[in-house]
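Asker: Give me the fold of what follows.
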Amino acid sequence: MTGLSDTTLRNYEIFLKTFFYEVNKPPQSITANDIRLFLYLYQQNRGISSRSLDKYREYLSHFFAWAHEEGYIQTNPSKNISAIKHEEKPRESLTQIELEYLRRACISVKERAIIEFLYSTGCRVSELTNVKKDDIDWNEKSVRLFGKGKKHRISFINAKAQIALKDYLNNRSDDCEYLFVSSRKPHHQMHRDGIEKIVRNISDRAFDSIGKRVTPHILRHTTATTALRSGMPIADISKLLGHEKIDTTMIYAKSSLADVQAGHKKYIV
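Answerer: Purely as a prediction, here's the structure:
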(Lines give C-alpha, C1' and ligand atoms only; values in the text may rest on other atoms or scores of the structure.)
Protein backbone atom coordinates (compact mmCIF):
# COMPACT_ATOMS: atom_id res chain seq x y z
CA MET A 1 0.00 0.00 0.00
CA THR A 2 2.52 2.55 -1.21
CA GLY A 3 2.00 5.94 -2.83
CA LEU A 4 -0.82 6.95 -0.48
CA SER A 5 -0.98 10.36 1.15
CA ASP A 6 -0.57 10.71 4.92
CA THR A 7 -4.26 11.64 5.22
CA THR A 8 -5.36 8.54 3.28
CA LEU A 9 -3.12 6.32 5.38
CA ARG A 10 -4.64 7.75 8.57
CA ASN A 11 -8.14 7.07 7.20
CA TYR A 12 -7.13 3.49 6.43
CA GLU A 13 -5.69 3.03 9.90
CA ILE A 14 -8.79 4.38 11.69
CA PHE A 15 -11.20 2.29 9.62
CA LEU A 16 -9.18 -0.94 9.74
CA LYS A 17 -8.85 -0.67 13.53
CA THR A 18 -12.65 -0.37 13.74
CA PHE A 19 -13.12 -3.33 11.39
CA PHE A 20 -10.82 -5.72 13.25
CA TYR A 21 -12.14 -4.61 16.65
CA GLU A 22 -15.76 -5.31 15.68
CA VAL A 23 -15.10 -8.51 13.72
CA ASN A 24 -12.73 -9.72 16.45
CA LYS A 25 -10.78 -12.12 14.22
CA PRO A 26 -7.18 -12.17 12.95
CA PRO A 27 -6.72 -11.33 9.24
CA GLN A 28 -6.04 -14.99 8.36
CA SER A 29 -9.48 -16.03 9.63
CA ILE A 30 -11.58 -13.31 7.95
CA THR A 31 -14.15 -14.58 5.43
CA ALA A 32 -16.16 -12.85 2.72
CA ASN A 33 -19.28 -13.20 4.87
CA ASP A 34 -17.50 -11.47 7.76
CA ILE A 35 -16.86 -8.50 5.49
CA ARG A 36 -20.41 -8.45 4.09
CA LEU A 37 -21.96 -8.61 7.57
CA PHE A 38 -19.64 -5.90 8.89
CA LEU A 39 -20.46 -3.54 6.00
CA TYR A 40 -24.20 -4.15 6.42
CA LEU A 41 -24.11 -3.41 10.16
CA TYR A 42 -21.72 -0.48 9.67
CA GLN A 43 -24.21 1.23 7.38
CA GLN A 44 -27.20 0.40 9.56
CA ASN A 45 -25.59 1.63 12.77
CA ARG A 46 -24.06 4.80 11.36
CA GLY A 47 -26.64 5.74 8.73
CA ILE A 48 -24.02 6.41 6.05
CA SER A 49 -24.77 6.56 2.34
CA SER A 50 -24.09 3.72 -0.08
CA ARG A 51 -21.46 5.95 -1.68
CA SER A 52 -19.58 6.24 1.61
CA LEU A 53 -20.02 2.54 2.30
CA ASP A 54 -18.45 1.68 -1.06
CA LYS A 55 -15.44 3.78 -0.12
CA TYR A 56 -15.02 1.69 3.03
CA ARG A 57 -15.46 -1.49 0.96
CA GLU A 58 -12.57 -0.27 -1.17
CA TYR A 59 -10.44 0.21 1.94
CA LEU A 60 -11.00 -3.43 2.90
CA SER A 61 -10.52 -4.64 -0.67
CA HIS A 62 -7.21 -2.81 -1.04
CA PHE A 63 -5.98 -3.98 2.35
CA PHE A 64 -6.76 -7.66 1.83
CA ALA A 65 -5.42 -7.62 -1.74
CA TRP A 66 -2.18 -6.13 -0.40
CA ALA A 67 -2.00 -8.63 2.47
CA HIS A 68 -2.52 -11.52 0.03
CA GLU A 69 0.10 -10.27 -2.42
CA GLU A 70 2.61 -9.84 0.40
CA GLY A 71 1.95 -13.37 1.67
CA TYR A 72 0.41 -12.40 5.02
CA ILE A 73 -2.80 -14.31 4.20
CA GLN A 74 -3.35 -17.34 1.94
CA THR A 75 -6.58 -16.14 0.31
CA ASN A 76 -8.17 -12.77 -0.31
CA PRO A 77 -11.64 -12.75 1.34
CA SER A 78 -12.65 -9.52 -0.42
CA LYS A 79 -11.98 -10.82 -3.93
CA ASN A 80 -15.60 -11.69 -4.76
CA ILE A 81 -17.29 -8.80 -2.95
CA SER A 82 -18.87 -6.57 -5.58
CA ALA A 83 -18.85 -2.80 -5.58
CA ILE A 84 -21.80 -1.25 -3.80
CA LYS A 85 -24.03 0.53 -6.27
CA HIS A 86 -24.64 4.20 -5.64
CA GLU A 87 -25.67 7.26 -7.56
CA GLU A 88 -22.77 9.52 -8.49
CA LYS A 89 -23.50 13.06 -7.38
CA PRO A 90 -22.49 15.77 -9.85
CA ARG A 91 -19.40 17.66 -8.78
CA GLU A 92 -20.48 20.90 -7.15
CA SER A 93 -18.84 24.11 -8.30
CA LEU A 94 -19.33 27.86 -8.05
CA THR A 95 -20.65 30.15 -10.73
CA GLN A 96 -18.56 33.19 -11.57
CA ILE A 97 -21.00 35.38 -9.62
CA GLU A 98 -20.72 33.12 -6.56
CA LEU A 99 -16.94 33.22 -6.86
CA GLU A 100 -17.07 37.03 -6.83
CA TYR A 101 -19.19 36.99 -3.68
CA LEU A 102 -16.61 34.68 -2.09
CA ARG A 103 -13.86 37.14 -3.00
CA ARG A 104 -15.83 40.01 -1.48
CA ALA A 105 -16.18 38.04 1.76
CA CYS A 106 -12.40 38.02 2.28
CA ILE A 107 -11.31 40.45 5.02
CA SER A 108 -7.53 40.14 4.78
CA VAL A 109 -4.87 39.93 2.09
CA LYS A 110 -4.07 36.42 3.33
CA GLU A 111 -7.63 35.20 2.86
CA ARG A 112 -7.80 36.69 -0.64
CA ALA A 113 -4.44 35.13 -1.55
CA ILE A 114 -5.59 31.67 -0.44
CA ILE A 115 -8.84 31.87 -2.41
CA GLU A 116 -7.12 33.13 -5.56
CA PHE A 117 -4.34 30.55 -5.32
CA LEU A 118 -6.76 27.64 -4.86
CA TYR A 119 -8.92 28.78 -7.76
CA SER A 120 -6.13 29.68 -10.18
CA THR A 121 -4.06 26.53 -9.68
CA GLY A 122 -6.88 24.04 -9.02
CA CYS A 123 -4.59 22.51 -6.40
CA ARG A 124 -5.43 20.24 -3.52
CA VAL A 125 -5.09 21.55 0.04
CA SER A 126 -2.20 19.17 0.67
CA GLU A 127 -0.39 20.67 -2.32
CA LEU A 128 -1.03 24.24 -1.19
CA THR A 129 0.41 23.63 2.27
CA ASN A 130 3.67 22.34 0.76
CA VAL A 131 4.28 25.33 -1.54
CA LYS A 132 7.34 27.42 -0.72
CA LYS A 133 7.96 30.98 -1.86
CA ASP A 134 10.68 29.90 -4.26
CA ASP A 135 8.33 27.40 -5.91
CA ILE A 136 6.73 30.33 -7.75
CA ASP A 137 8.22 31.55 -11.02
CA TRP A 138 6.81 35.05 -11.29
CA ASN A 139 8.06 35.51 -14.86
CA GLU A 140 6.43 32.33 -16.14
CA LYS A 141 3.48 32.74 -13.74
CA SER A 142 3.91 29.09 -12.77
CA VAL A 143 4.13 27.21 -9.48
CA ARG A 144 5.65 23.85 -8.57
CA LEU A 145 3.26 21.68 -6.60
CA PHE A 146 4.06 18.61 -4.55
CA GLY A 147 1.33 16.48 -3.08
CA LYS A 148 -0.80 13.41 -3.72
CA GLY A 149 1.21 10.30 -4.47
CA LYS A 150 4.40 12.23 -3.59
CA LYS A 151 4.48 13.60 -7.13
CA HIS A 152 5.54 16.97 -8.49
CA ARG A 153 3.59 18.92 -11.08
CA ILE A 154 3.34 22.42 -12.48
CA SER A 155 0.31 24.71 -12.33
CA PHE A 156 -0.18 28.38 -13.06
CA ILE A 157 -1.31 31.61 -11.43
CA ASN A 158 -3.52 34.11 -13.20
CA ALA A 159 -3.35 37.89 -12.84
CA LYS A 160 -5.72 38.04 -9.85
CA ALA A 161 -3.76 35.36 -8.02
CA GLN A 162 -0.46 37.09 -8.79
CA ILE A 163 -1.64 40.42 -7.36
CA ALA A 164 -3.23 38.78 -4.30
CA LEU A 165 -0.09 36.76 -3.55
CA LYS A 166 2.22 39.76 -3.87
CA ASP A 167 -0.05 41.81 -1.60
CA TYR A 168 0.09 39.03 0.98
CA LEU A 169 3.86 38.52 0.74
CA ASN A 170 4.53 42.27 0.92
CA ASN A 171 2.48 42.33 4.12
CA ARG A 172 4.67 39.70 5.79
CA SER A 173 7.74 40.42 7.89
CA ASP A 174 8.85 36.85 8.66
CA ASP A 175 11.53 34.82 6.91
CA CYS A 176 9.65 31.48 6.75
CA GLU A 177 10.24 29.71 3.44
CA TYR A 178 6.63 28.57 3.01
CA LEU A 179 4.15 30.52 0.91
CA PHE A 180 1.36 30.43 3.50
CA VAL A 181 2.29 30.64 7.17
CA SER A 182 0.53 30.83 10.49
CA SER A 183 -0.61 34.26 11.68
CA ARG A 184 0.97 33.99 15.13
CA LYS A 185 4.67 33.99 15.92
CA PRO A 186 6.76 32.01 15.45
CA HIS A 187 5.43 31.83 11.89
CA HIS A 188 5.47 28.33 10.47
CA GLN A 189 4.05 26.32 7.60
CA MET A 190 0.25 26.26 7.56
CA HIS A 191 -1.38 22.84 7.68
CA ARG A 192 -4.56 21.44 6.16
CA ASP A 193 -6.77 22.26 9.14
CA GLY A 194 -5.67 25.89 9.13
CA ILE A 195 -6.38 26.37 5.43
CA GLU A 196 -9.76 24.66 5.67
CA LYS A 197 -10.71 26.81 8.67
CA ILE A 198 -9.90 30.02 6.76
CA VAL A 199 -11.97 28.93 3.75
CA ARG A 200 -14.80 27.90 6.07
CA ASN A 201 -14.80 31.35 7.73
CA ILE A 202 -14.91 33.08 4.34
CA SER A 203 -17.71 30.73 3.27
CA ASP A 204 -19.73 31.57 6.39
CA ARG A 205 -19.51 35.30 5.60
CA ALA A 206 -20.59 34.70 2.00
CA PHE A 207 -23.34 32.20 2.80
CA ASP A 208 -26.23 34.66 2.57
CA SER A 209 -25.13 35.61 -0.96
CA ILE A 210 -24.07 32.18 -2.21
CA GLY A 211 -26.49 29.94 -0.34
CA LYS A 212 -24.09 27.00 0.05
CA ARG A 213 -20.96 26.03 1.91
CA VAL A 214 -17.65 26.36 0.11
CA THR A 215 -14.64 24.12 0.68
CA PRO A 216 -11.20 24.08 -0.95
CA HIS A 217 -12.33 21.07 -2.96
CA ILE A 218 -15.30 23.00 -4.35
CA LEU A 219 -12.85 25.65 -5.55
CA ARG A 220 -10.89 22.89 -7.29
CA HIS A 221 -14.12 21.74 -8.95
CA THR A 222 -14.81 25.33 -9.95
CA THR A 223 -11.42 25.58 -11.65
CA ALA A 224 -12.08 22.43 -13.68
CA THR A 225 -15.66 23.30 -14.60
CA THR A 226 -14.77 26.88 -15.60
CA ALA A 227 -11.89 25.65 -17.76
CA LEU A 228 -14.11 23.08 -19.46
CA ARG A 229 -16.90 25.55 -20.18
CA SER A 230 -14.35 27.97 -21.60
CA GLY A 231 -13.15 25.39 -24.11
CA MET A 232 -9.98 24.03 -22.47
CA PRO A 233 -9.29 20.47 -23.77
CA ILE A 234 -10.09 17.74 -21.26
CA ALA A 235 -6.54 16.34 -21.52
CA ASP A 236 -5.09 19.73 -20.50
CA ILE A 237 -7.53 20.01 -17.58
CA SER A 238 -6.44 16.54 -16.46
CA LYS A 239 -2.80 17.68 -16.40
CA LEU A 240 -3.73 20.90 -14.61
CA LEU A 241 -5.50 18.98 -11.84
CA GLY A 242 -2.81 16.32 -11.55
CA HIS A 243 -5.12 13.42 -12.36
CA GLU A 244 -3.35 10.15 -13.13
CA LYS A 245 -6.24 8.96 -15.29
CA ILE A 246 -8.29 11.09 -17.64
CA ASP A 247 -11.38 9.09 -16.55
CA THR A 248 -11.26 11.04 -13.27
CA THR A 249 -11.39 14.33 -15.17
CA MET A 250 -14.30 13.08 -17.29
CA ILE A 251 -16.53 13.54 -14.24
CA TYR A 252 -16.42 17.26 -14.98
CA ALA A 253 -17.34 16.60 -18.60
CA LYS A 254 -20.47 14.82 -17.34
CA SER A 255 -21.35 17.88 -15.28
CA SER A 256 -20.88 20.07 -18.32
CA LEU A 257 -23.14 17.80 -20.36
CA ALA A 258 -25.94 18.57 -17.92
CA ASP A 259 -25.39 22.28 -18.69
CA VAL A 260 -25.63 21.53 -22.41
CA GLN A 261 -28.90 19.69 -21.86
CA ALA A 262 -30.31 22.59 -19.84
CA GLY A 263 -29.27 25.01 -22.60
CA HIS A 264 -30.87 22.79 -25.22
CA LYS A 265 -34.19 22.80 -23.39
CA LYS A 266 -34.01 26.59 -23.10
CA TYR A 267 -32.93 27.51 -26.62
CA ILE A 268 -33.88 24.63 -28.94
CA VAL A 269 -37.67 24.93 -28.83
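Asker: where in the stretch 151-269 of the chain is pLDDT low?
Answerer: 252-269 (pLDDT under 70).
Asker: Going along the chain, name the strands of it.
Answerer: Here the stretch 151-269 of the chain has its strands, by DSSP state E, counting those that start in this stretch, at 152-156.
Asker: ok, the residue lying closest to Pro216 once chain neighbours are set aside to Leu228 distance?
Answerer: Leaving aside its chain neighbours, Pro216 sits nearest to Val125 (4.7 Å; criterion: Cβ to Cβ, 6 or more residues apart in numbering). Quick note: C-beta positions are derived from backbone N, CA and C, even for glycine. Val125 sits 22 Å away from Leu228, taking Cβ to Cβ, to the nearest Å as the criterion.
Asker: what's near enough to touch the residue positioned nearest the centre of the chain?
Answerer: Centroid-nearest residue in the chain, with Cα atoms, centre = their mean: His217, separated by 4.8 Å. Contact analysis of His217 by Cβ atoms under 8 Å, 6 or more residues apart in numbering lists 124-125.
Asker: again, but for the one 3 residues further on
Answerer: The neighbourhood of Arg220, defined by Cβ under 8 Å, 6+ apart, consists of 118, 122-124, 241.
Asker: can you check Asp34 too?
Answerer: Contacts of Asp34 by Cβ under 8 Å, 6+ apart are 23, 25, 77.
Asker: and the last one, that's in a helix?
Answerer: No - assigned with DSSP: H, G, I helix; E, B strand; the rest coil, Pro77 falls outside any helix and is coil.
Asker: Next one, pLDDT for it please.
Answerer: With respect to pLDDT, Pro77 has a value of 94.
Asker: okay, now Pro216: neighbour count?
Answerer: 22 (other Cβ atoms under 10 Å).
Asker: ok, it touching Ile115?
Answerer: No - counting by Cβ atoms under 8 Å, Pro216 does not reach Ile115; the two are 9.4 Å apart.
Asker: Which neighbours do these two have in common?
Answerer: Val199.
Asker: Lys133 against Asp175, yeah?
Answerer: No - Lys133 is beyond contact range of Asp175, at 9.9 Å (criterion: Cβ under 8 Å).
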